[in-house]
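S.K.: No letters, just coordinates:
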């Protein structure tokens, strides 16, 4: 990509015109501000463009041999309007011709006979826009590079934390069967819960990294969604004994799915509903077998999600309302990615006093 000229350098403009008189007129108008190279016909400039690129191409429209229209179309096969702006010089004022010029890829046009200040202003404006585009492109590359580095670090961090965390989990399994004073047993229990939270966070980080490197992997097999949802709800009932989890499900809802991933999806949605609803209200989980798909609905009561949060709810590291302690804000994002990996979808409806997450799987 072309870089902004260093101090002392001037922007490069190539002028293409078959008229020596017109070339001299254009040179006189622009030479004080720009570094000019002139070409007598379209074939010459097309050949030159194979080895170099100016900051702007000033192109006469009516030329023998290769016309300005044809030159413009050839250039646009490899260089877009942002990388090489083209200003057309034309004696015509026919609207259809000017429209044809723009459609062929010209950025702007000036009519002959031109006024030097106007021509300088148009050339400067197009080059200024080109420079702004270069700045935006560089910023985009820099941000993408930083994002790639962060995602790699997240993956490395999640992978390398697994081993010491597994050691802690093994130590807990050994110690939980040993006779311990009440105080130490309570500390061991808290350490076990912290270890489980860390394990979930690591798995979320690893899933996030996988999703950014080609999608969350799934291993479809014949699975019954009824069994998957029922087991998830039963596990959450045991871990939330004070909450009312209502389950309504069909007995048979089979498909080619990854049961572990769908259990993760269901657990994320139901866990989110528990975290973001008042303690005395129920969370309803409904599974239905429709004509051409299975539909899972998780509903909870509580204030509606603000409109500005609804727009980013499934984006990574976004949190709506009160965040779950120790959470990363990845649960809904990962649930959405799992649905996509199964060629399904998740939508959210939040109005009045309730919120519904609707999952559809084919």
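M.R.: Happy to help now that I have it. It should be emphasised that the depicted structure is a prediction, and the values quoted were computed from it without experimental measurement.
S.K.: I'd like the distance from stretch 243-260 to the chain centre, please.
M.R.: Its chain's C-alpha centre and that of stretch 243-260 lie 31 Å apart, by C-alpha atoms, centre = their mean, to the nearest Å.
S.K.: which stretches of the stretch 201-350 of the chain form strands?
M.R.: Under the criterion DSSP state E, counting those that start in this stretch, the stretch 201-350 of the chain contains strands at 221-224, 245-249, 254-257, 283-289, 294-301, 345-351.
S.K.: ugh, typo on my part, it should be the stretch 51-200 of the chain
M.R.: Using DSSP E, counting those that start in this stretch, strands in the stretch 51-200 of the chain cover 56-60, 86-90, 108-111.
S.K.: Any figure for the gap between the closest residue in space to residue 70 that isn't next to it in sequence and residue 122?
M.R.: Once flanking residues are discounted, residue 70 sits nearest to residue 42: 6.6 Å by C-beta to C-beta, 6 or more residues apart in numbering. The C-beta positions use only the backbone N, C-alpha and C, and glycine is treated the same way. Distance of residue 42 to residue 122, given as C-beta to C-beta, to the nearest Å: 21 Å.
S.K.: which of those two has more neighbours?
M.R.: Between residue 42 and residue 122, counted using other C-beta atoms under 10 Å, the more crowded position is residue 42 (24 against 19).
S.K.: Quick check: buried residues in stretch 355-362?
M.R.: Judged by neighbour count using 16 or more other C-beta atoms under 10 Å, the buried positions of stretch 355-362 are 355-361.
S.K.: Residue 13 and residue 35 touch, don't they?
M.R.: Yes: counting by C-beta atoms under 8 Å, residue 13 sits close enough to residue 35 to count as a contact (7.0 Å).
S.K.: Low-confidence stretches in this structure?
M.R.: 1-8, 147, 149-177, 180, 182-202, 213, 318-328 (pLDDT under 70).
S.K.: Can you give me the domain assignment for it?
M.R.: Per automatic domain parsing, the structural domains of the chain span 12-139, 147-212, 221-361.
S.K.: circling back: confirm for me that the residue nearest to residue 70 is in contact with residue 14.
M.R.: No: contact criterion C-beta under 8 Å: residue 42 and residue 14 do not qualify, at 11.4 Å.
S.K.: one step back: can you put the strands of the stretch 51-200 of the chain in TSV and add distance to residue 250 and mean neighbour count?
M.R.: Below are these laid out as TSV (distance: least, C-beta to C-beta, whole Å; neighbours: other C-beta atoms under 10 Å):
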stretch	distance to residue 250	mean neighbour count
strand 56-60	66	25
strand 86-90	63	23
strand 108-111	63	17
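S.K.: Compare those strands and report which one is nearest to residue 306.
M.R.: strand 108-111 (43.8 Å; C-beta to C-beta).
S.K.: Pull up the pairing partners for that closest one, direction included.
M.R.: Applying DSSP bridges to the sheet, strand 108-111 is found paired with strand 86-90 (parallel).
S.K.: who touches the partner strand?
M.R.: Residues outside strand 86-90 that contact it (C-beta atoms under 8 Å, 6 or more residues apart in numbering): 17, 22, 26, 56-62, 68, 72, 75, 97-98, 101, 105-112, 114, 122-123, 126.
S.K.: which residues in the chain form helices?
M.R.: With DSSP state H, the ranges of helices along the chain come out as 20-30, 42-48, 68-75, 95-104, 116-175, 182-212, 225-239, 259-275, 307-310, 331-341.
S.K.: neighbouring contacts of the second one?
M.R.: Residues outside helix 42-48 that contact it (C-beta under 8 Å, 6+ apart) are 14, 16, 37, 39, 57, 59, 63, 65-68, 70-71, 74-75.
S.K.: Counting neighbours, go ahead and name the busier of residue 13 and residue 35.
M.R.: residue 13 (24 against 15).
S.K.: That one and residue 251: what is the separation?
M.R.: For residue 13, the distance to residue 251 - C-beta to C-beta - is 75 Å.
S.K.: got it, and residue 215?
M.R.: 32 Å.
S.K.: cool, and residue 15?
M.R.: 79 Å.
S.K.: Give me the more crowded residue out of the two.
M.R.: Neighbour count, other C-beta under 10 Å: between residue 15 and residue 251, residue 15 has more, with 23 against 10.
S.K.: Just to check, the more buried one is in contact with residue 39?
M.R.: Yes: in this structure, residue 15 is within contact of residue 39 by C-beta under 8 Å, at 7.0 Å.
S.K.: Which residue is the nearest non-sequential neighbour of residue 104?
M.R.: Closest residue to residue 104 apart from its sequence neighbours, by C-beta to C-beta, 6+ apart: residue 72 at 4.3 Å.
S.K.: ditto for residue 40
M.R.: residue 18 (5.9 Å).
S.K.: cool, and residue 269?
M.R.: According to C-beta to C-beta, 6+ apart, the nearest residue to residue 269 is residue 298 (4.4 Å).
S.K.: Looks like the one you found contacts residue 273 (just checking).
M.R.: Yes: with contact defined as C-beta under 8 Å, residue 298 counts as touching residue 273 (5.2 Å).
S.K.: Between the two, which contacts overlap?
M.R.: With C-beta under 8 Å, 6+ apart, residue 298 and residue 273 have common neighbours 283, 357.
S.K.: What residues does residue 60 make contact with?
M.R.: Neighbouring residues of residue 60 by C-beta under 8 Å, 6+ apart: 16-19, 22, 68, 88-90.
S.K.: count of residues packed around the residue nearest to residue 269?
M.R.: 25.
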